[in-house]
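How does the following fold in three dimensions:
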Amino acid sequence: MCIAALGEPDVNIFVGNLAFTTTEQTLRDLFASYGAMDTVRIMTDRETGRPRGFGFVEMPEGTAARAAIAGLQGHALDGRALTVYEVQWDAMPERRTCVIIHLSGAASADRRRAPSAHRAPQWPL
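Okay, here's the model as predicted:
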């Protein structure tokens, strides 16, 4: 997570329901009208290298990021309606968990990295 000059963390945005033909440049062009971006990433399958249909955009300004989320939720891109949410990462680097708050109020978690079995956790449990 990057820290902006004002001390505020970047806003991480999940972008789902992407067409497999959507490129990072296409996402960058789409979000550009809302403000500056630090990173744009489309996640790919490790074995095949093919896109997985979702990605992440980091924006340094919270107001611009919230405007992008509101403006692009349900927006049609490459024939598909986008799913756009703000992502909250937990603070433990060994157990990064992505929690996406859906409009219905339900939350889902995606375990990104679990601590290895041979190493004891370094944070209080």
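
how many other residues sit next to the residue nearest to T44 when sequence neighbours are not counted?
Sequence neighbours aside, P51 is the residue nearest to T44 in space, at 5.6 Å (criterion: Cβ to Cβ, 6 or more residues apart in numbering). Any C-beta I mention is one placed from the backbone N, CA and C, and that applies to glycine too. For P51, the count of nearby residues is 18 (other Cβ atoms under 10 Å).

Which pLDDT does the model give the residue lying closest to T23 once chain neighbours are set aside?
Closest residue in space to T23, ignoring its immediate chain neighbours: I42 at 7.2 Å, by Cβ to Cβ, 6+ apart. Looking at I42, its pLDDT stands at 97.

longest helix of this structure?
For the chain, the helix that runs over the most residues, judged by DSSP state H, is helix 62-72.

list the helices and strands that one packs on?
Counting contacts by 3 or more Cβ pairs under 8 Å, 6 or more residues apart in numbering; DSSP states H and E, helix 62-72 packs against strand 11-16, helix 24-32, strand 51-59, strand 83-89.
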